[in-house]
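Chemist: pasting a predicted model and its sequence here:
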Amino acid sequence: MQQFLLLLNSKASRDISPEELERRLSEYREWVKTIPDHYLSDSRLDKGGAYITQDKPVLTDGPFAELNEVIAGFVVIRANDLNQATQVTQTSPLLQYFNIAVRPIVG
């Protein structure tokens, strides 16, 4: 099986109440239980960070991208091919809150 990276791209602000966050996490945890043969790992990303370009070697604290370009987190799954990875992703409750890019991991 091949590994795939699911990049979670925010549809809206990530500033939600602790209660809403817990509800979403609960939905996500339940989904992960339904895909044990595919799920490998996941992580949320903090709002802070740095953006470095070769053109301007200046380290800048966030925010460093347009809201529609912010990656909120990622999930790593395994699947036989891109088609199966896409099918698994389409069952995720995360699609209510994120656009998800499915990318094969090389090697």
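Modeler: Nice, I can see it. As the structure is a computational prediction, the values presented were derived from the model and not from experiment.
Chemist: all strands for the chain, in order.
Modeler: 2-10, 39-44, 50-51, 60-61, 71-79, 98-104 (DSSP state E).
Chemist: mean pLDDT for those strands: which is lowest?
Modeler: Mean pLDDT across the strands of the chain is lowest at strand 60-61; the value there is a mean of 51.
Chemist: name the helices or strands packed onto the longest helix anywhere in the chain?
Modeler: Counting by DSSP state H, the longest helix found in the chain is helix 18-34. On a contact count with 3 or more C-beta pairs under 8 Å, 6 or more residues apart in numbering; DSSP states H and E, helix 18-34 meets no helix or strand. For the C-beta atoms, the positions are set from N, CA and C on the backbone; glycine is no exception.
Chemist: in that helix, what counts as buried?
Modeler: 28, 31 (16 or more other C-beta atoms under 10 Å).
Chemist: contact partners of that helix?
Modeler: With contact meaning C-beta atoms under 8 Å, 6 or more residues apart in numbering, helix 18-34 is reached by 16, 39, 42, 91-94, 97.
Chemist: of all those residues, which two lie farthest apart?
Modeler: Using C-beta to C-beta, the pair of the contacts of helix 18-34 lying farthest apart is I16 and Y39, separated by 23.5 Å.
Chemist: for these two, indicate the residue with more neighbours.
Modeler: Neighbour count, other C-beta atoms under 10 Å: between I16 and Y39, Y39 has more, with 16 against 13.
Chemist: I'd guessed that one sits against I77; true?
Modeler: Yes: contact criterion C-beta atoms under 8 Å: Y39 and I77 qualify, at 5.9 Å.
Chemist: JSON lines for the strands of the chain, including distance to A85?
Modeler: Output for the strands of the chain, formatted as JSON lines (distance: least, C-beta to C-beta, whole Å):
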{"stretch": "strand 2-10", "distance to A85": "4"}
{"stretch": "strand 39-44", "distance to A85": "12"}
{"stretch": "strand 50-51", "distance to A85": "28"}
{"stretch": "strand 60-61", "distance to A85": "34"}
{"stretch": "strand 71-79", "distance to A85": "4"}
{"stretch": "strand 98-104", "distance to A85": "5"}
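Chemist: that's all I had, so thanks and see you.
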